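Engineer: With the sequence up front, the predicted model follows.
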Amino acid sequence: MTPITHFCFPLICAMAVDSPRGWQDPPAFTKRELIEIGIGGMLPDIIDPHLSLALRLGSWTHSIIFVLLIVAIIKIMDVHHSCRWQHWFVFAVGSHLFLDALSGGVRLWYPAEHVVGGTLIPFFLWLPIDVVCASTAYFLWWRRFIR
Ligand SMILES: [Zn+2]
């Protein structure tokens, strides 16, 4: 998947699931928190960029080790005071692995060779999925902050 989908997918989930209780309530997350969650979704590719599937399959950031490292960093450094935000940030990193597992696979138990997932979402669908994700994220953002 592309960084656009990796950014938008956790953002969409956070805005859709963790929405305000009613239309009069303030948003559950601030704009900054939502953008941080989106960046969390791109984090494995930001820290270890790659252009080919072979390089992704050799990437330690696309493994459970990286997710556990993120959990440890957040907990040890107390990166953010909101426990809800911490959970959503870890979800965002995990969603990256999930999406990449559907679109080529990941070595979840790196350095073990076993590949989890496969090409369930072919490459030609990546761009349309980007458009759908970006449009949905923009709509939810607009409904929450601009409307
Ligand atoms: Zn990736």
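Structural biologist: In hand now; what should we look at?

Engineer: List the contacts of the residue nearest the centre of the chain.
Structural biologist: For the chain, the residue nearest the mean C-alpha position is Gly41 (2.4 Å; Cα atoms, centre = their mean). Taking Cβ atoms under 8 Å, 6 or more residues apart in numbering, we find Gly41 in contact with His6, Phe7, Cys8, Phe9, Pro10, Leu11, Ala92, Val93, Ser95, His96. Using the backbone N, CA and C atoms, a C-beta is placed for each residue, glycine as well.

Engineer: ok, the helix or strand bottoming out on mean pLDDT in the chain near the ion or not?
Structural biologist: Lowest mean confidence among the helices and strands of the chain (mean pLDDT, DSSP states H and E): helix 53-57, at a mean of 90. No. With Cβ under 5 Å from the ion as the measure, helix 53-57 is seen stopping short of the ion, the closest distance being 5.7 Å.

Engineer: just to revisit the earlier point, the ion: which of the contacts of Gly41 is nearest?
Structural biologist: Of all the contacts of Gly41, His96 has the smallest distance to the ion: 5.6 Å, by Cβ to the ion.

Engineer: same for the one helix or strand that closest one maps to, what does it pack against?
Structural biologist: Per DSSP states H and E: His96 is located in helix 83-102. Secondary-structure packing of helix 83-102 (3 or more Cβ pairs under 8 Å, 6 or more residues apart in numbering; DSSP states H and E): helix 3-17, helix 31-47, helix 64-77.

Engineer: Now do the second one: distance to the chain's middle.
Structural biologist: Looking back up the chat, that one is helix 31-47. Relative to the chain's own centre, helix 31-47 is displaced by 7 Å; criterion: Cα atoms, centre = their mean, to the nearest Å.

Engineer: by how many degrees do it and helix 64-77 diverge?
Structural biologist: For helix 31-47 against helix 64-77, the angle by axes from the mean of the first three to the mean of the last three Cα atoms, to 10 degrees is 140 degrees.

Engineer: List, one by one, the residues from the protein near the ion.
Structural biologist: Applying Cβ under 5 Å from the ion, we find that the chain lies next to the ion at Asp45, Asp100.

Engineer: mind running it again at 8 Å?
Structural biologist: 1, 6, 44-45, 50, 56, 59, 61-62, 96-97, 99-100, 106 (Cβ under 8 Å from the ion).
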